[in-house]
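Peer 1: Can you look at this prediction? I've put the sequence above it.
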Amino acid sequence: MLGFLFRHRTASLFGLILLAGFALLALGARSPGRRLPVEWVGPVVTPLQVATAHLHRRALAIWDGYRDWRVVRGENQRLRQEVETLRVTQLQLDEFQWENRRLRNLLGLAERLPLEAAAAEVIAREWNGWVRSFTVNRGRASGVERLQPVIVPEGVLGRVADVRQHSAIIQLVSDPASSVSALTQRSRVQGAVEGGPSGQVRLKFSAQETQIEQGELVITSGLGGVFPKGLPLGYVSRVNPPTTGLFRYAQVTPVVEIPKVEMVLILKGQVDLSSLFPAR
Amino acid sequence: MRLPLYVMLLGGGTVVQSTVVGEFAVAGVTPDLPLVITALLALARGPEVGLLTGFSLGLLQDGIGGGLLGAQALSKALAGFGLGFLHRHLRVSIGPLQILAVVAVSIGEGLLRFLLLKAFRFPGDIGEMMLYGVLPQALYNGVVASVGLAGLIWVRERQRGKAG
């Protein structure tokens, strides 16, 4: 018998389970109040259910905590980013404010000038001992020509040394090769303001002149046909002692803070501008 | 399969079904995890294991759930046996086909359970029961089974890798 059952294991098992199933069904249907198998299952399963439910609740709590943490973290990152953006915006606003101020200054000067002027932005700087120049974003296309004077609201910056289609090179007054015809405003001593290799500016004048004083304003003389008369160049900071040569020198502090210049005006024409730049 | 692991799978499956699975309800439909376990074991181990697993899990569910004792035991046992038999004789070894087989067996099990309950004066309507109970659950079972099968394949690959 057992051998037969083992040989036909699958069919026997199938029959047995079928029988058990129907027996259970019949038992359950006849006496619904006496659910003996359920009574046996309960004590084993209930603690497991309790433990699982507890674990489930804990897992849910951990998950909720993690989700909250992610939300807070995301919010934190978003706020940080927002703060960064606001900081950058603030910096840009500050920059715009400064630029606005500079442009208003320049515009004010341009409106006061009795001759045509083109505003230009400094886009490059050459700043070594041999050459001191700026490149600006205006060129032939904007009507810029060689040797036109370049000024800022404080005074002379230099002159156009080279012109390209959409840019121009400005030779600064501090360039070693620069020489601007000048005179001292109070004592009316004629001379030439020259640049030097170390960036200093000096006034070269006749040895016979003796009236120049420290602090005196040096302006363009209008001679030479490049710079209009009366544009401030700088203040005499020191007058060198007389030598045996034909000329004497005075150190000049430029009125323009050259390294800080960002916008310039390129003048087109010649006229006396003394009234526009009163002595300080 | 080792007996403790088998017992753990059966007990765990039943307990998880009665506690955690509710969290994964989609539009009120939950998978029948014990049936999925039965199906996977039947596919992996054949009709005898499917039969015994289905019977044990169904009986446990009957005991825990408080329904008609033996209804799920019988329906799941037959489902496990049927799937194991199908797999053994028709060699249903392609993953998507196995998933389809799980869905089909789920529908069959639901239908059988309904008929068994109907025989014992269950008041439900077969159309409604199939539309809102059996079919959506069968589809959900298919999804869970595909995850389970992927897990089984992964375990087998790892075992093969270790053996190699």
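Peer 2: Yep, it's here. Numbers count the residues shown, from 1 in each chain, chains lettered A, B, ... in the order given.

Peer 1: The lowest-mean-pLDDT helix or strand in chain B packs against which elements?
Peer 2: Every helix and strand in chain B was compared by mean pLDDT, DSSP states H and E; the lowest is helix B:3-19, with a mean of 76. If you count contacts as 3 or more CB pairs under 8 Å, 6 or more residues apart in numbering or on different chains; DSSP states H and E, helix B:3-19 packs onto helix A:36-112, helix B:33-45, helix B:47-65. The C-beta positions use only the backbone N, C-alpha and C, and glycine is treated the same way.

Peer 1: Now do the same contact list for the residue nearest the centre of chain B.
Peer 2: The residue at the geometric middle of chain B, judged as the C-alpha nearest the mean C-alpha position with CA atoms, centre = their mean, is B:Leu35 (1.5 Å). Taking CB atoms under 8 Å, 6 or more residues apart in numbering or on different chains as the criterion, B:Leu35 is in contact with B:54, B:57, B:76, B:79, B:105-106, B:109, B:141.

Peer 1: what pLDDT does it get?
Peer 2: Predicted confidence (pLDDT) at B:Leu35: the value is 92.

Peer 1: about what we covered before: of the helices and strands packed on helix B:3-19, which approaches A:Ser221 most closely?
Peer 2: For those, proximity to A:Ser221 was assessed by CB to CB; helix A:36-112 is nearest, at 20.6 Å.

Peer 1: Pull out the buried positions in the host helix or strand of B:Glu157.
Peer 2: Mapping B:Glu157 onto the secondary structure by DSSP states H and E places it in helix B:135-163. Residues B:135-138, B:140-142, B:144-146, B:148-149, B:152 are the ones in helix B:135-163 that count as buried (16 or more other CB atoms under 10 Å in any protein chain shown).

Peer 1: of the helices and strands packed on helix B:3-19, which approaches A:Leu27 most closely?
Peer 2: Evaluated over the helices and strands packed on helix B:3-19, closeness to A:Leu27 peaks at helix A:36-112, with 8.2 Å, by CB to CB.

Peer 1: could you say what helices and strands that closest one packs with?
Peer 2: Applying 3+ CB pairs under 8 Å, 6+ apart, one finds that helix A:36-112 contacts strand A:116-127, strand A:149-152, strand A:263-268, helix B:3-19, helix B:47-65.

Peer 1: Kindly reformat these as TSV containing distance to A:Leu25 and mean neighbour count.
Peer 2: Formatted as TSV, those follow (distance: least, CB to CB, whole Å; neighbours: other CB atoms under 10 Å in any protein chain shown):
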stretch	distance to A:Leu25	mean neighbour count
strand A:116-127	94	16
strand A:149-152	104	25
strand A:263-268	98	21
helix B:3-19	19	17
helix B:47-65	10	25
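
Peer 1: By mean pLDDT, show me the worst of the ones you listed.
Peer 2: helix B:3-19 (a mean of 76).

Peer 1: Check the offset of that one from the chain's centre.
Peer 2: For helix B:3-19, the distance between its averaged C-alpha position and the chain's averaged C-alpha position is 13 Å (CA atoms, centre = their mean, to the nearest Å).

Peer 1: any chance of the buried residues of helix B:135-163 in JSON lines, plus pLDDT and distance to chain A?
Peer 2: Shown next, in JSON lines, are the buried residues of helix B:135-163 (pLDDT from 0 to 100; distance: CB to the nearest CB, whole Å):
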{"residue": "B:Leu135", "pLDDT": "90", "distance to chain A": "24"}
{"residue": "B:Pro136", "pLDDT": "90", "distance to chain A": "23"}
{"residue": "B:Gln137", "pLDDT": "90", "distance to chain A": "21"}
{"residue": "B:Ala138", "pLDDT": "92", "distance to chain A": "21"}
{"residue": "B:Tyr140", "pLDDT": "92", "distance to chain A": "19"}
{"residue": "B:Asn141", "pLDDT": "91", "distance to chain A": "21"}
{"residue": "B:Gly142", "pLDDT": "92", "distance to chain A": "24"}
{"residue": "B:Val144", "pLDDT": "91", "distance to chain A": "17"}
{"residue": "B:Ala145", "pLDDT": "89", "distance to chain A": "22"}
{"residue": "B:Ser146", "pLDDT": "90", "distance to chain A": "24"}
{"residue": "B:Gly148", "pLDDT": "86", "distance to chain A": "19"}
{"residue": "B:Leu149", "pLDDT": "84", "distance to chain A": "24"}
{"residue": "B:Leu152", "pLDDT": "79", "distance to chain A": "23"}
